[in-house]
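Trainee: next comes the sequence, and after it the predicted model I'd like to discuss.
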Amino acid sequence: MSHMRRLRLLRLCLSLVLLALNTSEIICWILNARHAIQNERSTITSPTQLHGIREPKERKAYPQQTPHSGRHFVPSHPAYQSLRRRYTKLLRRRGTSRHRFMEGWYYRLTLPEANFVFVISIEDPGNNKSEFRLSCIQIIGPNDGYLVQADKDDTKFWAWKYQQGLGCAFELKQQPNVFDDDKPVTARTKEEFHDQVESGFQILPNHLMGRIRGHDGSLGGVLAGQGHSGSCDFDISVEPLCGWGDVQGDQKSTAGWLSNFAVFEPHWQVTLADARATGTVTWNNHTYKFAHAPLYAEKNWGAALPPKWYWTQCNSFSGYEQLSVTAGGGVRTIPFGRRESLGMVSIHHNGIFYEGTPWTGNMEWKVTPFGSWELKGYGIGQHPFEAVVKYECDPETTPGLVFRAPTPDQGMVLFCRATFKAQCILTLWELEWNSSRKIYVRKAGPPLIDRATSLYGGAEVGGGPWWDEWGGESKLKQPIRGLLQLPVRLANLRRRYRKSI
């Protein structure tokens, strides 16, 4: 039997098995399998911790915590030595110059007088054969200011398994008998961080803290001594509002349930679609104080970011207490060396999640090289809707900032361009099922959200080439399309059946 025939037979068998199961059984099987694996490893996943904050064993820090909030790699930090020894063979297979890995975290803080973006990344942790090993933080500040600090010693970087906890102490103060090799420290209390860390950062589920002593990232590279020196201290408490799903419901994977497996490249997860932040940021000796300011967070992991993408986000609309929209897309790698171009637009409004993805509906985009992002989408999931969102800025007066991202062949290089001063206009209509026409139609009356406007839209393009306008429509390839759509179709059938009885 040829390879292709065996592959087709395998796909057919998998489809038949999935069709024979209902959604709850699929989810239960996945969760039970993952739970069994995690229980078997539980004796070695928590690092030795004699100072600071012990890594929590609880899976969730708060109800809105999303899947994939924890790390997707084994840190090379001394606290994880026993775990690394346990997986020596696996790490050897991955530790080749041909296999790249990065994980990145993104936090955006919107203030009336300034925007701050904190971009954290780790590349090829523990891979001794890689020339791209790097722990890095980039901070975008007022007037597109750009600060970067990085270190090729990734043993300073740590990350939690379940909750979103991570950090890196680039430089420690001289405090003998506290940081012995047999007493490795990861997370610290607020007082310990200020007393012991000269420069570094620490991200916990409800708190962001850092003391960055870097340089202007627009000049030179990411390592020390390649630009004008700069500083940024931040101490931010976070109140989660929305993860990725209904506030009172289960939180979802941004890329669907298949993101639990190594199917896509890279992976993407919005971890906080909306939150409120209180604290201070001191940027080059100027302090910004704020309370209940909009905060957004997401992450990526895989070999590198896509070869081409666009991204938009806004959660600071005038006249709306809780409204957040995230839209983006690009080119991603799927099994058997294939690629697909797709996107999504999703909205959280007063605790309700409107999901417009290729497996719940459809999405179209029209993006210029820089200056205009026009996105349309609809979803027929739990809350059927249609939405149009548009971001605009004048490239002459708002040129944005070119900053860095991990790439497969060059490591951390200038690779994307973003602005956080785009005008954003969002309109959302609720849809209802028309039994006579057998389609979803807009509900009578005005839109649920009618031209909500913000002057603090975040909009980005990355990779390339970007010679001309890029327009397209999300089209998932089979069999991934069928697998991702299965839970949605079953839920819709149940919902229609209940309405009919």
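Mentor: Thanks, I have the structure now.
Trainee: go through this protein and flag its longest strand.
Mentor: Ranked by residue count and defined by DSSP state E, the top strand of the chain is strand 411-434.
Trainee: and the helix or strand just after it, how far from the chain's centre?
Mentor: As assigned by DSSP states H and E, the chain's next helix or strand after strand 411-434 is strand 439-442. Distance, stretch centre to chain centre, for strand 439-442: 32 Å (CA atoms, centre = their mean, to the nearest Å).
Trainee: residue 370: neighbour count?
Mentor: 18 (other CB atoms under 10 Å). Where you see a C-beta, it was placed from the backbone N, CA and C, and this is true even at glycine.
Trainee: I should have written residue 419 there, sorry.
Mentor: Neighbour count of residue 419, defined by other CB under 10 Å: 22.
Trainee: and the closest residue to it other than its chain neighbours, how close does it get to residue 143?
Mentor: The spatial neighbour of residue 419 that comes closest, neighbours along the chain excluded (CB to CB, 6 or more residues apart in numbering), is residue 400 at 3.8 Å. Here residue 400 is placed at a distance of 12 Å from residue 143 (CB to CB, to the nearest Å).
Trainee: quick check: phi and psi on residue 191?
Mentor: phi -70, psi -40 (degrees, to the nearest 10).
Trainee: and what of residue 125?
Mentor: Per degrees, to the nearest 10, the backbone of residue 125 is at phi -60, psi 130.
Trainee: the stretch 1-150 of the chain: helices as residue ranges?
Mentor: 3-20, 23-45, 81-86, 88-94 (DSSP state H, counting those that start in this stretch).
Trainee: lowest average confidence across those helices, which one?
Mentor: Lowest mean pLDDT of the helices of the stretch 1-150 of the chain: helix 23-45, a mean of 40.
Trainee: any low-confidence regions in this protein?
Mentor: Scanning the chain for pLDDT under 70 picks out the ranges 1-51, 87-98, 175-183, 257-263, 335-336, 476-501.
Trainee: quick check: end-to-end length of stretch 403-418?
Mentor: End-to-end distance of stretch 403-418 (CA to CA, to the nearest Å): 8 Å.
Trainee: chain center to that stretch: distance?
Mentor: 16 Å.
Trainee: same check, this time on stretch 374-383
Mentor: 20 Å.
Trainee: buried set for the longest strand of the chain?
Mentor: 411-412, 415-431 (16 or more other CB atoms under 10 Å).
Trainee: cool, stretch 277-289 as well?
Mentor: Neighbour-count burial for stretch 277-289 flags 277, 279, 281, 283, 288 (criterion: 16+ other CB under 10 Å).
Trainee: ok, the fourth one - contacts?
Mentor: Under the criterion of CB atoms under 8 Å, 6 or more residues apart in numbering, the contact list for residue 283 reads 114, 116, 141-142, 145, 231-232.
Trainee: make it 7 Å
Mentor: 141-142, 145, 232 (CB atoms under 7 Å, 6 or more residues apart in numbering).
Trainee: next up, identify which helix or strand residue 339 is on.
Mentor: Counting by DSSP H and E, residue 339 is found in strand 338-349.
Trainee: quick one: list the elements packing against that strand.
Mentor: strand 323-334, strand 352-356, strand 361-367, strand 372-379, strand 385-392 (3 or more CB pairs under 7 Å, 6 or more residues apart in numbering; DSSP states H and E).
Trainee: adding neighbour count, write the contacts of residue 283 out as JSON lines.
Mentor: Below are these laid out as JSON lines (neighbours: other CB atoms under 10 Å):
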{"residue": "141", "neighbour count": "21"}
{"residue": "142", "neighbour count": "15"}
{"residue": "145", "neighbour count": "18"}
{"residue": "232", "neighbour count": "22"}
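Trainee: contacting residues for residue 238?
Mentor: Here residue 238 is in contact with 206-208, 275, 277, 295 (CB under 7 Å, 6+ apart).
Trainee: out of the residues you listed, which are buried?
Mentor: Buried by 16+ other CB under 10 Å: 208, 275, 277, 295, out of the contacts of residue 238.
Trainee: thought the first one was touching residue 233?
Mentor: No: proximity of residue 208 to residue 233 does not meet the contact threshold set by CB atoms under 7 Å, at 11.3 Å.
Trainee: ends of stretch 442-453, what's the gap?
Mentor: End-to-end for stretch 442-453, by CA to CA: 22 Å.
Trainee: stretch 161-169 too?
Mentor: Stretch 161-169: ends 19 Å apart by CA to CA.
Trainee: what about the closest residue to residue 142 other than its chain neighbours, neighbour count?
Mentor: Distance criterion CB to CB, 6+ apart; nearest residue to residue 142, sequence neighbours excluded, is residue 114 at 4.0 Å. Neighbourhood size, residue 114 [other CB under 10 Å]: 17.
Trainee: mind listing what residue 114 touches?
Mentor: Contacts of residue 114 (CB under 7 Å, 6+ apart): 141-142, 288.
Trainee: which parts of the stretch 101-250 of the chain are strands?
Mentor: With DSSP state E, counting those that start in this stretch, the ranges of strands along the stretch 101-250 of the chain come out as 102-110, 115-123, 134-140, 146-151, 157-159, 166-172, 197-204, 207-216, 229-242.
Trainee: in a markdown table: the ones you listed, plus distance to residue 303.
Mentor: Shown next, in a markdown table, are the strands of the stretch 101-250 of the chain (distance: least, CB to CB, whole Å):
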| stretch | distance to residue 303 |
| --- | --- |
| strand 102-110 | 7 |
| strand 115-123 | 10 |
| strand 134-140 | 14 |
| strand 146-151 | 19 |
| strand 157-159 | 18 |
| strand 166-172 | 20 |
| strand 197-204 | 23 |
| strand 207-216 | 26 |
| strand 229-242 | 29 |
